[in-house]
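How does the following fold in three dimensions:
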Amino acid sequence: MAGRKRHVRGRKGNQKKKQKTKRRLWLLFALSVLFLGCILYDCQRKGLLQKEWNKITQPGSTEKPVSTTSGDEQMIRVLLTNDAMNSIYHDKVRISGTAELLVRQNGQTKVYDKGQTISVSANNTKKSAKTVRISCPKGRIRVESITRSGKVQAYRGTMKLVRKKQGLILINTLSLREYLYGVVPSEMPSSYPMEALKAQAVCARSFAWRQMRSNSYKAYGADVDDTTAFQVYHMAGEDARTRRAVDRTAGKKVYSGDHVITTYYYSTSWGCSASEQEAWGTAKGSNYPVRFQTDSEDVGQGLSSEMRFYDFITGSKETYDSGYDWYRWSVTLSADTLGAKLGIGTVRKITVISRGKSGLIRKLRVRGSLGRITLEGQEEIRQKLYPSETEITKKKSGETAVLSMLPSAAFTVLDGSEKGTRTFTLIGGGLGHGVGMSQNGAGEMARQGKNYRQILKHYYSHCKVQ
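Below you'll find the predicted structure:
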């Protein structure tokens, strides 16, 4: 019996030890759960969980562009300008979605139904969020407060609104491929031959790639804007043919050696292309050749002399661009009106001081009754020598147009008079700066059977597409 009692007491002691161990384990488990709960609460309070969730469900919503790939899936951030496209600041932004819209501000996400419009004002109050993030995972984002070509456009990717002292800035973040879907039809008509559209896609990709690394808009958290200062984006919406051109040239860029070049392009040449040095005074390079825009690339003595340029611009030489309206144009300027704009009284004489081998004017002098002024560089010449609202006549169609500056700096000057008033008639050609690819020239080359690589090789000498 004594032995049996000792055995029972030993068994009870073991049970008590097991119970004590279980209680300790349960206590440890409860403390662990409590500790984990505290961590999760702190993360939620700081918004860390939402950020990680956004990375999974909204891959385009991160603030910095993805730099782990050199392909078309890397992200680009585009500053959308206002309705007039003359400022990056907005007084008010109104946005809707083609599907359910997610709007996150002040640490909270609110869901808006398809078509429901939200409005964000630049007015800053205590409750106003400095940053508003907007996504439409199953559709596109419509910015109702701005129009392009008279239409409200639906954007891919995500939007970020940031309040600044000057107003709201609106940043569209999306993949480079999706960005090109919006650029190519805005820069070249989608009806152009496919090989020309492919050449435009490669140019647009190369240009964007360079701008993404230039940090021009770093202070705003963006890479480019949607104007001609970079590349026109979403002016015409998307098109199936231009999307195909982007996809069929996926990843292709223009290289000089191991470096991607800035693939400048413009609307129409005057029958000759210009170098960077002629257009902007930069270091002379071989990637942007001076050549006649024909199958014969020999520019010979060039067009730097006034007589040779006059004969060329008033002649009938056939080039890739000669079938287009802006190939030749003219504009008549009143001596009084021009002088008033320049602040030199009545203009007496306009003298070309130097002209590049392409025929592009590099420097000219305007003498007036109250002084004289020297204009240098194609941009300054085009802007200052053109009084606003002056009609320019296209020679081929006879139609007139009013621009923000002269079509190009490739022109000759003729003295004259009109109704007893002294005038100056500029006879010129081309539309744009003249460096790199002529878009209309590319269109004609494609119609003549050239493929996009041959087109790019023509306009960017010593370069390769890869």
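
Looks to me like residue 458 is in a helix.
Yes - assessed by DSSP: H, G, I helix; E, B strand; the rest coil, residue 458 belongs to a helix.

Which pLDDT value belongs to it?
Per-residue confidence (pLDDT) for residue 458: 95.

Note down every partner strand of the strand or helix carrying residue 94 and its orientation.
According to DSSP states H and E, residue 94 maps onto strand 92-97. Within its sheet, strand 92-97 is paired with strand 118-121 (antiparallel), strand 141-143 (antiparallel), according to DSSP bridges.

For the following helix or strand past the last one, enumerate the helices and strands it packs against.
Right, the one you point to is strand 141-143. Later in the chain than strand 141-143, the nearest helix or strand by DSSP H and E is strand 154-155. In this structure, strand 154-155 makes packing contacts with strand 141-143, judged by 3 or more CB pairs under 8 Å, 6 or more residues apart in numbering; DSSP states H and E. Using the backbone N, CA and C atoms, a C-beta is placed for each residue, glycine as well.

list the buried ones in the strand it packs on?
Residues 141, 142, 143 are the ones in strand 141-143 that count as buried (16 or more other CB atoms under 10 Å).

ok, now stretch 80-93?
80, 81, 82, 85, 88, 90, 93.

who's in contact with the fifth one?
Which is residue 88. Contacts for residue 88 (CB atoms under 8 Å, 6 or more residues apart in numbering) come out as 79, 81, 82, 169, 220, 225.

swap the cut-off to 7 Å and go again
Residue 88 makes contact with 79, 81, 169, 225, according to CB atoms under 7 Å, 6 or more residues apart in numbering.

in the stretch 1-150 of the chain, which spans are helices?
All helices of the stretch 1-150 of the chain, identified by DSSP state H, counting those that start in this stretch, fall at 2-46, 48-57.

Can you flag the weakest of the ones you listed by average pLDDT?
Going by mean pLDDT, the lowest-scoring of those is helix 48-57, which has a mean of 44.

Leaving out chain neighbours, which residue sits closest to residue 318?
The spatially closest residue to residue 318, leaving aside those adjacent along the chain, is residue 294, at 7.1 Å (CB to CB, 6 or more residues apart in numbering).

Number of residues surrounding that neighbour?
Residues lying near residue 294 (other CB atoms under 10 Å) number 16.

same thing with residue 19?
Residue 19 has 10 nearby residues by other CB under 10 Å.

Would you confirm that residue 289 contacts residue 273?
Yes - between residue 289 and residue 273 there is a contact under CB atoms under 7 Å: 6.5 Å.

And these two? Which one has more around it.
residue 273 (28 against 18).

Okay, the more buried one and residue 173: tell me how far apart.
Note on residue 273: its distance to residue 173, by CB to CB, to the nearest Å, is 35 Å.

Check residue 150 too.
For residue 150, the distance to residue 173 - CB to CB - is 26 Å.

who's more crowded, the two?
Under the criterion of other CB under 10 Å, the comparison of residue 150 against residue 173 puts residue 173 first, with 28 against 5.

Low-confidence stretches in the stretch 51-200 of the chain?
51-70, 126 (pLDDT under 70).

go with 50
Along the stretch 51-200 of the chain, the model assigns pLDDT under 50 to residues 51-69.
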